[in-house]
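Asker: just a sequence and a predicted model for now, questions to come.
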Amino acid sequence: MKKFKFRKDITAVTIVIFIVCIVLVSVTLMQFRTIEQTDLTEIENMRESELRTALSEWKTKYEEVYAQLLDVNQKIEEYNKTIIDNEAAAELVDEELKESNIQVGKTDVYGEGVIVTLSDGDRSVTSEHLLDLVNELRYAGAEAISINENRVLATTDIIDMADYSYIMVNLQRIEGPYVIKAIGNKEQLSSILNLKGSGFIPKSNTSGINASSKMENKVEIPKYSGEFEIKYMQEVEQ
Amino acid sequence: MILIAIILGCVIGALIGINLPMISYTYSGYLAIAIIAALDSVFGGITSTLKKNFDLKIFVSGFFGNAILAMLLTYLGQKLNVDIYLAAIVVFVGRMFNNLGIIRRYYIEKWSFNKEKKEEKEN
């Protein structure tokens, strides 16, 4: 097919064509493989300038979204703070409520204190004795008092009924022997009650009532069993 | 002999090409332009063979020189931010078509000439 001037040229041409074929085919195949591999996604087909544009677009978008994310995170933090604040406030209110309940007498309580037992001797026990005792206990620093398991509150009534035949506490009839429990500093309570001359127990004993007190490390006083009803009074707004 | 060289060269080239490592996509543009330049040289070589003025030196220098030059120009274009490789492709592919046309024409003429000769002989 190909014709040359000299025979010796043919060898050289053959070798050259052989080398050329090797180079051309191998490089072409390499290129094919490269393109096939990278042709999979459209991104790699894009030119560098296009890629740059896309990149900068994405970067801008990313920055925007990141700013939004920061914003939202901040808001979430604020909300969390508010929630914590609210929780703290709620806890505070809860604590206050608990304390108030304890003070008012809406809860069962226990603590060290004294138990005073009164029973009829030469004379029978009247409400005045109980009032005296309650007053003295309060003076001695009692935090909670009960008479025969009836909690004594600020509103508690202690009255004689039916010509001194029985006593009512918190509108409930009680009968002797009367067990008065008080929570407070037991030493203090006991020493004031047993004070010679003016203490309740020596006074009662001399006036013909059997009275005794004993200190306890754990005195349990039940909660007020009735209900608090406010019908008439209203708070004065300041 | 040359045909055997071409076939053997293609086979060995294919084997080497399959086993060669991948190049990164950034440089595949240079390679593509080099391949186009080489193909142009090959077609140019065939054309010159048909015209009976084939020169081995010109062919070899054109084959490698054009490829390297095209790559360098592409690189320069990338540095200058001008798509010089487009110009190279236009030139090379244009020449390729040109050479292909010459080859086609040569064989068609030869074929029709032979036919005419046959007819004349028969007559």
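Answerer: Alright, I've got the coordinates. Quantities reported herein were computed from a predicted structural model and do not represent experimental measurements. Numbers count the residues shown, from 1 in each chain, chains lettered A, B, ... in the order given.
Asker: confirm that A:Ser225 sits in a strand.
Answerer: No. Counting by DSSP: H, G, I helix; E, B strand; the rest coil, A:Ser225 is not part of a strand but coil.
Asker: what residues are up against it?
Answerer: By C-beta atoms under 8 Å, 6 or more residues apart in numbering or on different chains, the residues touching A:Ser225 are A:150-151, A:170. (Glycine included, C-beta is placed from N, CA and C.)
Asker: give me phi/psi at it?
Answerer: Dihedral pair for A:Ser225: phi -90, psi -20, per degrees, to the nearest 10.
Asker: please apply the same query to A:Asn217.
Answerer: According to degrees, to the nearest 10, A:Asn217 has phi -80, psi -20.
Asker: and for A:Ile183?
Answerer: According to degrees, to the nearest 10, A:Ile183 has phi -100, psi 130.
Asker: please tell me I have it right and it contacts A:Pro222.
Answerer: No. In this structure A:Ile183 lies outside contact range of A:Pro222 using C-beta atoms under 8 Å: 11.8 Å.
Asker: more crowded one of the two?
Answerer: With neighbours defined as other C-beta atoms under 10 Å in any protein chain shown, A:Ile183 and A:Pro222 compare such that A:Ile183 has more, 24 against 16.
Asker: which ones are touching the more buried one?
Answerer: Contacts of A:Ile183 (C-beta under 8 Å, 6+ apart): A:109-113, A:142-145, A:219, A:221.
Asker: packing partners for the longest helix belonging to chain B?
Answerer: Ranked by number of residues, the top helix in chain B under DSSP state H is helix B:84-122. Contact analysis of helix B:84-122 by 3 or more C-beta pairs under 8 Å, 6 or more residues apart in numbering or on different chains; DSSP states H and E lists helix B:25-50, helix B:56-80 as its packing neighbours.
Asker: can you list contacts of the shortest one?
Answerer: Same thing as helix B:56-80. Contacts of helix B:56-80 (C-beta under 8 Å, 6+ apart): A:9, A:12-13, A:16, A:20, B:29-30, B:33-38, B:40-42, B:44-45, B:48, B:83-85, B:87-88, B:92.
Asker: swap the cut-off to 7 Å and go again
Answerer: With C-beta atoms under 7 Å, 6 or more residues apart in numbering or on different chains as the contact definition, helix B:56-80 has outside contacts at A:9, A:12-13, A:16, A:20, B:29-30, B:33-34, B:37-38, B:40-41, B:44-45, B:83-85, B:88.
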